[in-house]
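In: sequence and predicted structure below; questions after.
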Amino acid sequence: MQSEPRLLSHAELADWGYSSRRRRELIANGMLVPLRRGLFAVGDEWERASPEMRIVARARALAAASEEPPVFSHETAGAVHGAALYRASATRVHAIVSEGRPGAAGGVVRHRGELPDGDVVVVDDIRCTSLERTVADMARTATFESAVTVGDAALRMRCTPEPHEYDHDTAEEFRATALEIARRSAHGVSAAQRVLRFADGRAQLPGESISRIRLAELGFRRPQLQVAVPSARNGRMYYVDFGLGDVRALGEFDGRIKYEDGRLLVDRTPDEVFDDEKQREDWIRGVTGLPLVRWGWTDIRTAAKLGARLAAFGIHPPG
């Protein structure tokens, strides 16, 4: 799991003997990244950090620099809760402020409104909207892709007590609560209903969330997610991302994480991981008798691109 970049204050750097001139040099060569007046991130940590971790660092810097810590919302709250985001801006943060609060800090998207106490939580010392409120706000105001990605992540956090287990009752309760929150607003309720109907916590990556959207745009019926296939090892299962029951095919999103993630490369080279994947796929095809197609980020930029990828394997939307 990626870590959040550390924050260093002007005072800390001064205590370590860094003069104003030296600090300017470190900023110029990228060794320090200014986030707020008097607050910096360590350059190499910033470069390694994910967009979500950069957002959290910016939120923490703004909170530290504010007389009254703001309540972060929308995609910023999603990042604070630990959700992976889709095309999120790592240069700004979102916060909800009261109608009478003046002024606007640079790099902050301000949303006016009042927050009931139950809509505010503290996560790792950062004040933000609750997970339900975050999903409701995203569902009302964000793009469908961004909102579904956060909705999927939130349901995954709440409704998967164990890997490959999914609590449908808890998922329905979460949807109902988020929709009730969305209905407090005069705008975006229809959009929120659409997002919450579509969201599914069994999607494990943003790429899987976007893949489902593209499949729906192409005209495929709702796919089965995390399809279990008995493996060669007794009692063990393989899980496939998508079961396209209407055309009798299987699909998987491949963001190349499994070939690059250090956690999955312990005692194995990328080539060994790739070979294991090939053997797994051969087994799944043999056991199910179904074609299995992989696609990646470039294939889900548009529905047409994913459609072309599937058509190359003889898979077409029904009808």
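Out: Perfect, I can see it now.
In: so where's the chain shaky on pLDDT?
Out: For the chain, residues meeting the criterion pLDDT under 70 lie at 1-2, 99-104, 234, 255-268, 270-274.
In: next SSE downstream of the lengthiest helix in it?
Out: In the chain, assigned by DSSP state H, the helix with the most residues is helix 270-288. Remark: after helix 270-288, the chain's next helix or strand is strand 292-295, criterion DSSP states H and E.
In: please state the offset of the longest helix of the chain from the chain centre?
Out: Mean-position distance between helix 270-288 and its chain equals 27 Å (Cα atoms, centre = their mean, to the nearest Å).
In: start the count at 37, not 1, going forward
Out: With 37 as the first residue, the last one maps to helix 306-324.
In: and it, what does it pack against?
Out: strand 260-266, strand 273-280, helix 293-296, strand 328-331 (3 or more Cβ pairs under 8 Å, 6 or more residues apart in numbering; DSSP states H and E). Glycine gets a C-beta too; all of them are placed from N, C-alpha and C.
In: so which bits of the first one are buried?
Out: Residues of strand 260-266 classed as buried under the neighbour-count rule (16 or more other Cβ atoms under 10 Å) are 261-263, 265.
In: what is the nearest of those to residue 334?
Out: Nearest to residue 334 out of these is residue 261 (Cβ to Cβ; 22.1 Å).
In: ok, the closest one touching residue 280?
Out: No - Residue 261 is beyond contact range of residue 280, at 11.1 Å (criterion: Cβ atoms under 8 Å).
In: could you tell me the end-to-end distance of stretch 251-265?
Out: End-to-end distance for stretch 251-265, by Cα to Cα, to the nearest Å: 22 Å.
In: ok, which stretches of this protein are helices?
Out: Using DSSP H, helices in the chain cover 46-51, 56-64, 79-84, 87-101, 110-117, 167-177, 180-195, 204-218, 225-234, 242-254, 293-296, 306-324, 339-347.
In: looking at the ones you listed, which is nearest to residue 40?
Out: helix 87-101 (4.8 Å).
In: would you mind writing the CA trace of the closest one as PDB?
Out: Presented in PDB, the C-alpha positions along helix 87-101 are these (Å, rounded to 0.1, in the frame of the first residue of the first chain):
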ATOM      1  CA  PRO A  87      -2.800  10.800  -6.800                       C
ATOM      2  CA  GLU A  88      -5.000   9.800  -3.800                       C
ATOM      3  CA  MET A  89      -2.100  10.100  -1.400                       C
ATOM      4  CA  ARG A  90      -1.200  13.500  -2.800                       C
ATOM      5  CA  ILE A  91      -4.800  14.600  -2.300                       C
ATOM      6  CA  VAL A  92      -4.600  13.400   1.300                       C
ATOM      7  CA  ALA A  93      -1.300  15.300   1.900                       C
ATOM      8  CA  ARG A  94      -2.800  18.500   0.400                       C
ATOM      9  CA  ALA A  95      -5.800  18.100   2.700                       C
ATOM     10  CA  ARG A  96      -3.600  17.600   5.800                       C
ATOM     11  CA  ALA A  97      -1.600  20.700   4.800                       C
ATOM     12  CA  LEU A  98      -4.700  22.800   4.400                       C
ATOM     13  CA  ALA A  99      -6.000  21.600   7.800                       C
ATOM     14  CA  ALA A 100      -2.700  22.400   9.500                       C
ATOM     15  CA  ALA A 101      -2.700  25.900   7.900                       C
END
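In: out of everything not next to it in sequence, what's closest to residue 176?
Out: Excluding the flanking residues, the one nearest residue 176 by Cβ to Cβ, 6 or more residues apart in numbering is residue 224, at 3.0 Å.
In: check the gap between the residue nearest in space to the middle of the chain and residue 259 for me.
Out: Centroid-nearest residue in the chain: residue 120, 1.7 Å away (criterion: Cα atoms, centre = their mean). Note on residue 120: its distance to residue 259, by Cβ to Cβ, to the nearest Å, is 20 Å.
In: and if you look at residue 318?
Out: Residue 318 is 22 Å from residue 259, by Cβ to Cβ.
In: try residue 61
Out: For residue 61, the distance to residue 259 - Cβ to Cβ - is 54 Å.
In: and for residue 145?
Out: Residue 145 is 34 Å from residue 259, by Cβ to Cβ.
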